[in-house]
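**Student:** Build me a model:
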Amino acid sequence: MLQGTATMLVAMLAGSMLFFSFVMAPLIFIKLDIEVAGKFVRVVFPWYYLLIIILATIGSLVLIAIAPLNACLLALVAASTLYCRQSLMPRINEYRDRSKAGETGTNKTFDKLHRRSEIINGLQLLAVVAVLLHLAFVNFS
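**Tutor:** You can find the predicted model right below:
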(Lines give C-alpha, C1' and ligand atoms only; values in the text may rest on other atoms or scores of the structure.)
Protein backbone atom coordinates (compact mmCIF):
# COMPACT_ATOMS: atom_id res chain seq x y z
CA MET A 1 0.00 0.00 0.00
CA LEU A 2 2.82 2.43 0.88
CA GLN A 3 4.61 1.62 -2.36
CA GLY A 4 1.48 2.26 -4.41
CA THR A 5 0.80 5.54 -2.66
CA ALA A 6 4.40 6.65 -3.04
CA THR A 7 4.44 5.65 -6.71
CA MET A 8 1.32 7.74 -7.38
CA LEU A 9 2.75 10.76 -5.55
CA VAL A 10 6.11 10.54 -7.32
CA ALA A 11 4.40 10.00 -10.69
CA MET A 12 2.32 13.13 -10.10
CA LEU A 13 5.48 15.00 -9.14
CA ALA A 14 7.42 13.80 -12.19
CA GLY A 15 4.50 14.51 -14.51
CA SER A 16 4.04 18.01 -13.12
CA MET A 17 7.71 18.83 -13.43
CA LEU A 18 7.95 17.41 -16.96
CA PHE A 19 4.79 19.18 -18.10
CA PHE A 20 5.88 22.53 -16.71
CA SER A 21 9.46 22.28 -17.96
CA PHE A 22 8.80 20.97 -21.44
CA VAL A 23 5.29 22.21 -22.28
CA MET A 24 4.22 25.20 -20.17
CA ALA A 25 7.46 27.18 -19.93
CA PRO A 26 8.26 27.02 -23.65
CA LEU A 27 4.66 27.82 -24.61
CA ILE A 28 4.58 30.82 -22.29
CA PHE A 29 7.54 32.40 -24.07
CA ILE A 30 6.48 31.30 -27.57
CA LYS A 31 2.86 32.44 -27.37
CA LEU A 32 2.97 35.48 -25.09
CA ASP A 33 4.59 38.86 -25.49
CA ILE A 34 7.86 38.92 -23.53
CA GLU A 35 6.56 41.44 -20.96
CA VAL A 36 3.36 39.46 -20.38
CA ALA A 37 5.31 36.20 -20.28
CA GLY A 38 7.65 37.58 -17.62
CA LYS A 39 4.77 38.72 -15.44
CA PHE A 40 2.95 35.40 -15.92
CA VAL A 41 6.03 33.37 -14.99
CA ARG A 42 6.47 35.40 -11.80
CA VAL A 43 2.92 34.46 -10.80
CA VAL A 44 3.15 30.79 -11.81
CA PHE A 45 6.59 29.83 -10.47
CA PRO A 46 5.79 30.19 -6.76
CA TRP A 47 2.86 27.79 -7.27
CA TYR A 48 5.01 25.39 -9.29
CA TYR A 49 7.60 25.36 -6.53
CA LEU A 50 4.93 24.92 -3.85
CA LEU A 51 3.52 21.89 -5.66
CA ILE A 52 6.98 20.33 -5.82
CA ILE A 53 7.59 21.02 -2.12
CA ILE A 54 4.27 19.46 -1.10
CA LEU A 55 4.46 16.36 -3.31
CA ALA A 56 8.14 15.70 -2.56
CA THR A 57 7.63 16.13 1.19
CA ILE A 58 4.60 13.84 1.34
CA GLY A 59 6.35 11.31 -0.90
CA SER A 60 9.40 11.40 1.33
CA LEU A 61 7.32 10.79 4.43
CA VAL A 62 5.50 7.87 2.81
CA LEU A 63 8.76 6.30 1.65
CA ILE A 64 10.82 6.68 4.82
CA ALA A 65 9.84 3.23 6.14
CA ILE A 66 10.21 1.23 2.91
CA ALA A 67 12.82 3.06 0.85
CA PRO A 68 14.95 5.42 2.96
CA LEU A 69 17.29 6.39 0.10
CA ASN A 70 14.33 7.36 -2.08
CA ALA A 71 12.86 9.25 0.87
CA CYS A 72 16.14 11.15 1.27
CA LEU A 73 16.21 12.03 -2.44
CA LEU A 74 12.67 13.40 -2.27
CA ALA A 75 13.49 15.31 0.94
CA LEU A 76 16.47 16.83 -0.88
CA VAL A 77 14.19 17.78 -3.78
CA ALA A 78 11.78 19.44 -1.34
CA ALA A 79 14.57 21.27 0.50
CA SER A 80 16.25 22.50 -2.67
CA THR A 81 12.89 23.67 -4.01
CA LEU A 82 12.29 25.57 -0.79
CA TYR A 83 15.66 27.28 -1.37
CA CYS A 84 14.67 28.08 -4.96
CA ARG A 85 11.28 29.44 -3.97
CA GLN A 86 12.29 31.46 -0.94
CA SER A 87 15.82 32.62 -1.79
CA LEU A 88 16.85 32.09 -5.38
CA MET A 89 13.65 33.18 -7.14
CA PRO A 90 13.41 36.54 -5.32
CA ARG A 91 17.06 37.25 -6.18
CA ILE A 92 16.47 36.32 -9.83
CA ASN A 93 13.50 38.67 -9.95
CA GLU A 94 15.46 41.46 -8.26
CA TYR A 95 18.36 41.21 -10.70
CA ARG A 96 16.00 40.97 -13.66
CA ASP A 97 14.26 44.17 -12.54
CA ARG A 98 17.58 45.93 -11.98
CA SER A 99 18.82 44.79 -15.38
CA LYS A 100 15.66 46.04 -17.10
CA ALA A 101 16.10 49.36 -15.30
CA GLY A 102 19.50 49.69 -16.96
CA GLU A 103 21.75 49.00 -13.97
CA THR A 104 25.09 47.84 -15.31
CA GLY A 105 26.47 44.43 -14.36
CA THR A 106 23.14 43.08 -13.21
CA ASN A 107 22.35 41.12 -16.37
CA LYS A 108 25.37 38.87 -15.81
CA THR A 109 24.25 38.14 -12.23
CA PHE A 110 20.70 37.49 -13.43
CA ASP A 111 21.99 35.02 -16.04
CA LYS A 112 24.12 33.24 -13.43
CA LEU A 113 21.25 32.94 -10.95
CA HIS A 114 18.79 31.86 -13.63
CA ARG A 115 21.22 29.21 -14.85
CA ARG A 116 21.59 27.97 -11.27
CA SER A 117 17.81 27.57 -11.02
CA GLU A 118 17.75 25.61 -14.30
CA ILE A 119 20.53 23.29 -13.12
CA ILE A 120 18.81 22.68 -9.79
CA ASN A 121 15.51 21.97 -11.54
CA GLY A 122 17.21 19.56 -13.93
CA LEU A 123 18.90 17.70 -11.09
CA GLN A 124 15.62 17.57 -9.20
CA LEU A 125 13.88 16.12 -12.22
CA LEU A 126 16.57 13.45 -12.59
CA ALA A 127 16.21 12.52 -8.91
CA VAL A 128 12.43 12.32 -9.13
CA VAL A 129 12.56 10.15 -12.28
CA ALA A 130 15.15 7.89 -10.63
CA VAL A 131 12.88 7.44 -7.60
CA LEU A 132 9.89 6.78 -9.86
CA LEU A 133 11.77 4.14 -11.87
CA HIS A 134 12.99 2.50 -8.68
CA LEU A 135 9.45 2.38 -7.27
CA ALA A 136 8.08 1.02 -10.53
CA PHE A 137 10.57 -1.82 -10.89
CA VAL A 138 11.40 -2.90 -7.32
CA ASN A 139 8.98 -4.81 -5.12
CA PHE A 140 9.28 -3.67 -1.50
CA SER A 141 6.96 -6.31 0.02
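**Student:** Roughly how far does the residue nearest to the spatial centre of the chain sit from residue 35?
**Tutor:** The centroid of the chain falls nearest to residue 121 when counting by Cα atoms, centre = their mean (4.9 Å). Using Cβ to Cβ, to the nearest Å, residue 121 is found at 23 Å from residue 35. To be clear about C-beta, it is placed using only N, CA and C from the backbone, and glycine gets the same treatment.
**Student:** do the same with residue 59
**Tutor:** Going from residue 59 to residue 35 by Cβ to Cβ gives 37 Å.
**Student:** just to revisit the earlier point, Three-state assignment for the residue nearest to the centre of the chain, please.
**Tutor:** Under DSSP: H, G, I helix; E, B strand; the rest coil, residue 121 falls in the helix class.
**Student:** Quick check, it in contact with residue 21.
**Tutor:** Yes - with contact defined as Cβ atoms under 8 Å, residue 121 reaches residue 21; the gap is 6.8 Å.
**Student:** Show me the helices in the chain, by range?
**Tutor:** 2-19, 25-31, 34-63, 68-83, 89-100, 106-137 (DSSP state H).
**Student:** Need those in a markdown table (columns: mean pLDDT).
**Tutor:** Shown next, in a markdown table, are the helices of the chain (pLDDT from 0 to 100):
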| stretch | mean pLDDT |
| --- | --- |
| helix 2-19 | 95 |
| helix 25-31 | 93 |
| helix 34-63 | 95 |
| helix 68-83 | 98 |
| helix 89-100 | 96 |
| helix 106-137 | 97 |
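**Student:** what about the residue nearest to residue 58 when sequence neighbours are not counted, neighbour count?
**Tutor:** Computed as Cβ to Cβ, 6 or more residues apart in numbering, the closest residue to residue 58 that is not its neighbour in sequence is residue 9, at 5.8 Å. Neighbourhood size, residue 9 [other Cβ atoms under 10 Å]: 24.
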